[in-house]
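Visitor: What would the 3D arrangement of this be:
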Amino acid sequence: MSKPNILVVEDEELMRSILRQLLEEEGYHVFTASSAETALEIFPTVDVDVTLTDIKMSGMDGLELLSQIKAIDEEALVIVMTAYSSVDSAIAALRRGVYDYITKPFVNEDLLKTVRNALRTKELAKENRALRHELDKKYSFSEIIGTSDALQRIFKLVEKVADTNAGILIQGESGTGKELIAKAIHFNSRRANKPFLAVNCGALPESLLESELFGHTKGSFTGATGDKKGLFRSADGGTLFLDEIGEMPLALQVKLLRALQEHEVLPIGAGAAVKFDTRIIAATNKNLETEVSETRFREDLFYRLNIIEISLPPLRQRREDIPLLVKHFVSKSARNQKTSEKTVTKEAMSALVGYSWQGNVRELENAVERAFILSGDEIDAESLPPKIKLSASNALEMRDPEGLRPTLEEMERRYILEILNSVDDDKTEAANILGIDLSTLYRKLKKYEEI
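Guide: Sure, this is the predicted structure:
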């Protein structure tokens, strides 16, 4: 274990020498400064554990030095030394965030005890940060339920890239958990103790989104009654999650690209750009390569964001995870309803596993919550949404004359045709029930005609 570093700031040479000898005999690595100005040159270059400073010194005094050190490191531990006649100054230092004060002349053991206590305080804070980081890691992954190979590959990739500053683009259908993956990246990085902020780029008009991202100055536009930092600066040191990045207007894409290249933003109405240290993670349910080819998304921004690509599979491609997700959402519903958990019948579970889940995990959670509220002592097939029950009943009937199970493609065809028949060929209604776009339904029907 390395020796703790103690910075001693004292303008009297004899006292400085006494303090150095006392602390070195205790086993500490001691740095000395004869003035506050010299101390400020040393402090940023050394991993100082505790600063021990006199209050009254020629030039900058100990109180101002305290303020300057706190500006560099708000968690810095500073102990001030003062004469009995200057206790008021020590009390003022306490108000400014000093760890403790010692009056001169002091008993050596009292000074050493104060330093030991300060070092223990720092060690406890470090342990608490580490514990919080571990809890954040566990929490961030616990919300991503599944043991499928596809999900395990994503977990491994997240662990590899989490502690880098590489641009990350998360792609996947709506409801696949893109924000959960972004949080897992953040909470498994060295930025975990700093903010994680998110914005949906498709939910705000262009003018509001620009202000939300980059900030503005007071009076820069109607309604700007004060300065606004913006998310880039509010998340400084942490992570900013840009959800639905494919919806961002082209004009803002230019400003975003410049911010990422220069690591600075220009608030609306400001005369100078401001630096930031924020990691950017973007997500989209669109195919950005297609958007680029059709000039709806800037190619240079796409490559800037897409250093690391994480593609989330739709739920229908990892059906083995559905029982675990169902159990998780049943437990969550029980907590929300403040009641005991319920079992799920085999028929209901089979229906849930066999359904297509166009809305992915989000749709599954809603279906389980609905079934939990409407069911009795157990969740049965009757408590499921009608379209899921219909899918389950059709699946039981979908067998070839020889009793063989059909392919997934054939099951999909039969199911779509059954839905159309149940709504008298109302394609808009059928598309709503199926959870797909009308254009997708027409494309599938045309394909069926060719079979």
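Visitor: show me the contacts for the nearest residue to Asp49 once chain neighbours are set aside.
Guide: Counting by CB to CB, 6 or more residues apart in numbering, Pro4 is the residue found nearest to Asp49 once chain neighbours are left out, at 4.3 Å. Placement of C-beta: from N, CA and C, glycine included. When contacts are counted by CB atoms under 8 Å, 6 or more residues apart in numbering, Pro4 is found next to Tyr28, His29, Asp49, Val50, Leu119.
Visitor: measure Pro4 to Lys126 for me?
Guide: Noted for Pro4: a distance of 12 Å to Lys126, by CB to CB, to the nearest Å.
Visitor: rewinding a little: can you flag which of the contacts of Pro4 belong to strands?
Guide: His29, Val50 (DSSP state E).
Visitor: Run a quick neighbour tally on Glu206.
Guide: The burial metric for Glu206, expressed as a neighbour count using other CB atoms under 10 Å, is 13.
Visitor: Was I right to think Asp163 contacts Phe187?
Guide: No. Using CB atoms under 8 Å, Asp163 and Phe187 do not qualify as a contacting pair, with a distance of 11.2 Å.
Visitor: Looking at those two, which has the bigger crowd around it?
Guide: Remark: of Asp163 and Phe187, Phe187 carries more neighbours, 23 against 12, as counted by other CB under 10 Å.
Visitor: where exactly do the helices run in the stretch 351-451 of the chain?
Guide: Using DSSP state H, counting those that start in this stretch, the helices assigned to the stretch 351-451 of the chain run over residues 360-374, 386-397, 408-422, 427-434, 438-450.
Visitor: got it, and the stretch 51-200 of the chain?
Guide: Per DSSP H, counting those that start in this stretch, the stretch 51-200 of the chain carries helices over the ranges 62-72, 87-95, 108-142, 149-161, 178-187.
Visitor: who wins for proximity to Arg362 among those?
Guide: Put simply, out of the helices of the stretch 51-200 of the chain the one that sits nearest Arg362 is helix 178-187, at 10.8 Å, with distance taken as CB to CB.
Visitor: pLDDT on that closest one, on average?
Guide: Over the span of helix 178-187, the pLDDT mean works out to 92.
Visitor: on that earlier part again, buried deepest among the helices of the stretch 51-200 of the chain, which one?
Guide: Comparing the helices of the stretch 51-200 of the chain by mean neighbour count (mean count of other CB atoms under 10 Å), helix 178-187 comes out on top with a mean of 23.
Visitor: and that helix, what other elements does it pack with?
Guide: Applying 3 or more CB pairs under 8 Å, 6 or more residues apart in numbering; DSSP states H and E, one finds that helix 178-187 contacts helix 108-142, helix 149-161, strand 168-171, strand 196-200, strand 239-243, strand 279-284.
Visitor: picking up where we left off before, quick one, which of the helices of the stretch 51-200 of the chain is nearest to Thr225?
Guide: Ranked by CB to CB, the member of the helices of the stretch 51-200 of the chain that lies closest to Thr225 is helix 62-72, at 28.5 Å.
Visitor: Next one: the residue nearest to Asp49, what pLDDT does it get?
Guide: According to the model's per-residue confidence, Pro4 sits at a pLDDT of 91.
Visitor: do the one 3 residues further on as well
Guide: pLDDT, Leu7: 95.
Visitor: Please name the bridge partners of it.
Guide: With DSSP bridges as the criterion, Leu7 is bridged to Phe31, Thr51.
Visitor: which residues touch Val344?
Guide: Val326, Lys327, Val330, Leu352, Glu378, Ile379.
Visitor: Please, which helix or strand holds the second one?
Guide: Secondary-structure element containing Lys327, defined by DSSP states H and E: helix 322-337.
Visitor: what's in contact with that helix?
Guide: 145-147, 315, 340-342, 344, 349, 352-353, 361, 364-365, 368-369, 372-373, 379.
Visitor: try stretch 266-279
Guide: Stretch 266-279 is contacted from outside by 165, 186, 189, 191, 210-211, 214-221, 224, 227-230, 232-233, 235-240, 255, 259, 262-265, using CB under 8 Å, 6+ apart.
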